[in-house]
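**Q** Curious how this folds, go ahead:
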Amino acid sequence: MTHRRALVLVAISALSFAAMAVVTKLATATLPGGQVAFVRFVLMLVPFALVPGLARRALTWQRLDLLIYRGLFGGVAVLLYFLAIEHVPVGTATLLNYSSPIWAVLAAALFLGERVRPLLLLPFALAMAGMLLVTGALEGGGWPRLGPWELAGLASSVLSGGAVAAIRAARRTEGSWAIYGSFTLFGILVTAPFALARFRWPDAREWLLLAAIGLFSIAAQMTMTYAYRWVTNLQAGVLAQITVVSTLAHGALFFGDVFTPRQLLGAALALAGIVGVVALQPPPRAVE
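**A** Model (predicted):
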């Protein structure tokens, strides 16, 4: 694959994730977020049902531990992200979730032995201050306070960072379908209890929304996983922010989300800090 084509795939992945988030917001207006996340993962099994040979490729691995990390971290991250989308503006939930490049750098340092420059503390602090402004956690004085669903969105970001580091490591030895399969399997296992606890049978409109979420999820996951072998952390981190900008715009256009000048400033600071973190991080070393 050419480098340019890989960058195009990452951009397509970012736009697909944005579309998934917007449709998820529509679906969670009437369906529980945990149920929507569960159906998303079930629909991600469709490629295996249509092409049986893919299941054999998903069951071929060399580093099972990396696949478990990717699946478990990613599954819980999606659950928390969808719960956040259900309760807060979709742009805010996505901005919190997409601070994951910060946590991916830290996870790579902890688990892959990659070096972290002290200078990274500056954009890290900038990103965190921006997110606090967006969520309104700094209003009213005193210590910053995040609501439970904002905390869920931030926790989803931390876990997504761990999942991204696992993907990068796994992509050195594992096929894209093995990584995709681990994410799907653990996602189903993690979200099933939440789906069953508040399950409601969808109507025709809701089924269409759920099908669209599944379609966008498959497109986003496969293009991202496949392209990660040929792009740098910086390129992936910068292009991923297309998702944040797109969902912020769609939230304002379609859901009436209104952001104060302080929140817009916070969003800009957060995006700048996230890009700064990945820009200052040295290129990742090969994982043995």
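**Q** Out of the helices and strands in the protein, which is least certain?
**A** Here the helix or strand of the chain ranked lowest by mean pLDDT, DSSP states H and E is helix 100-111, holding a mean of 80.
**Q** Can you get me the centre-to-centre distance for it and its chain?
**A** Here helix 100-111 is found 14 Å from its chain centre; the criterion is Cα atoms, centre = their mean, to the nearest Å.
**Q** For stretch 112-126, buried residues please.
**A** Leu112, Glu114, Val116, Leu120, Pro123, Phe124, Leu126 (16 or more other Cβ atoms under 10 Å). In short, each C-beta sits where N, CA and C put it, glycine included.
**Q** picking that back up, packing partners for the least confident helix or strand of the chain?
**A** helix 148-170, helix 233-254, helix 261-280 (3 or more Cβ pairs under 8 Å, 6 or more residues apart in numbering; DSSP states H and E).
**Q** repeat that for 10 Å
**A** The helices and strands touching helix 100-111, judged by 3 or more Cβ pairs under 10 Å, 6 or more residues apart in numbering; DSSP states H and E, are helix 64-87, helix 121-135, helix 148-170, helix 233-254, helix 261-280.
**Q** mind checking which of these is nearest Arg200?
**A** helix 64-87 (13.2 Å; Cβ to Cβ).
**Q** Which neighbouring elements make contact with that closest one?
**A** Helix 64-87 packs on helix 3-27, helix 33-43, helix 90-97, helix 100-111, helix 148-170, helix 176-197, helix 204-227, going by 3+ Cβ pairs under 10 Å, 6+ apart.
**Q** Quick one: closest of those helices to Leu269.
**A** Among the helices and strands packed on helix 64-87, helix 90-97 comes nearest to Leu269, with 10.8 Å by Cβ to Cβ.
**Q** From one end of stretch 195-205 to the other, what's the distance?
**A** Using Cα to Cα, to the nearest Å, the end-to-end distance of stretch 195-205 comes out at 19 Å.
**Q** Quick one: distance of it to the chain centre.
**A** Chain-centre distance of stretch 195-205: 24 Å, with Cα atoms, centre = their mean.
**Q** What residues of that stretch count as buried?
**A** Result for stretch 195-205 [16+ other Cβ under 10 Å]: buried residues Ala195, Pro202.
**Q** if we can go back for a sec, do you know which of the helices and strands packed on helix 100-111 lies nearest Ala108?
**A** Distance to Ala108, taken as Cβ to Cβ, is lowest for helix 148-170 among the helices and strands packed on helix 100-111, at 4.7 Å.
**Q** related to what we said a few turns ago, show me what counts as buried in the least confident helix or strand of the chain.
**A** Ser100, Pro101, Ile102, Trp103, Ala104, Val105, Leu106, Ala107, Ala108.
**Q** so what's Leu215 up against?
**A** Residues in contact with Leu215 (Cβ atoms under 10 Å, 6 or more residues apart in numbering) are Ser16, Ala19, Met20, Val23, Leu43, Met44, Val46.
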